[in-house]
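1. structure for the following, please:
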Amino acid sequence: MGLVSDSMEQITAGLSANSTTVVAPENTAAAMGSGDLPVFATPAMVALMENAAMKAVAEQLPDGQTTVGAAMHVAHSKPSGLGAEITATAVLSEVDGRKLVFRVEARDTDGVIGEGEHVRYIVDRVRFLSKIR
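-> Numbering: from 1, shown residues only. As a prediction, the model looks like this:
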């Protein structure tokens, strides 16, 4: 827990961010193909959690660096219907070199709808994209 490398600004446990969306026809399980009901899709919840984690550390990274998602272990415990506002929160809990571990949670106005752990890695944008064929 501490510096990612000598050339990067300090990235420490406790950094956090939120991302918010509203359940709309395009992010329901029926639209995304993860189910057939008009409720907030698990893949949409995961994407919202990833976005919050990305934002939590983005300003601490030097130019040319970004983070990429590597693992997501979550439970989606409660449905949210059309029109519900969903907020995902990511809190950086561990820094191990370029590996970042976040506690993630999603809530609607009734409380927690999902929670878990998300792993991201700090990468060089150009080098990472050069590996794609």
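2. buried sites along stretch 116-133?
-> For stretch 116-133, burial by neighbour count (16 or more other CB atoms under 10 Å) applies to Gly116, His118, Val119, Arg120, Ile122, Val123. Using the backbone N, CA and C atoms, a C-beta is placed for each residue, glycine as well.
3. who does the first one form a beta bridge with?
-> Beta-bridge pairing of Gly116, defined through DSSP bridges, involves Val74, Val104.
4. quick one, what contacts it?
-> The neighbours of Gly116, taking CB atoms under 8 Å, 6 or more residues apart in numbering as the test, are Met49, Met72, His73, Val74, Ala75, Arg103, Val104.
5. of those residues, closest to Phe128?
-> Minimum separation from Phe128 among these (CB to CB) is found for Met72, which lies at 18.6 Å.
6. what's the neighbour count on that closest one?
-> Other residues near Met72 number 18, with proximity taken as other CB atoms under 10 Å.
7. show me the contacts for it.
-> Residues near Met72 by CB under 8 Å, 6+ apart: Val46, Met49, Glu50, Val104, Gly116, Glu117, His118, Val119.
8. ditto for Gly81
-> For Gly81, the contact set (CB under 8 Å, 6+ apart) comprises Val23, Pro38, Val39, Phe40.
9. quick one, phi psi at it?
-> Geometry field for Gly81 lists phi and psi as phi -90, psi 180, criterion degrees, to the nearest 10.
10. please apply the same query to Asn27.
-> Note on Asn27: backbone dihedrals following degrees, to the nearest 10 are phi -110, psi 20.
11. number the residues from 153 up from this point.
-> Yep, numbering from 153; the last one is Asn179 now.
12. show me the contacts for the residue found closest to it once you drop the neighbours it is linked to in the chain.
-> Counting by CB to CB, 6 or more residues apart in numbering, Ala196 is the residue found nearest to Asn179 once chain neighbours are left out, at 4.0 Å. Ala196 makes contacts with Thr173, Asn179, Thr180, Met184, as judged by CB under 8 Å, 6+ apart.
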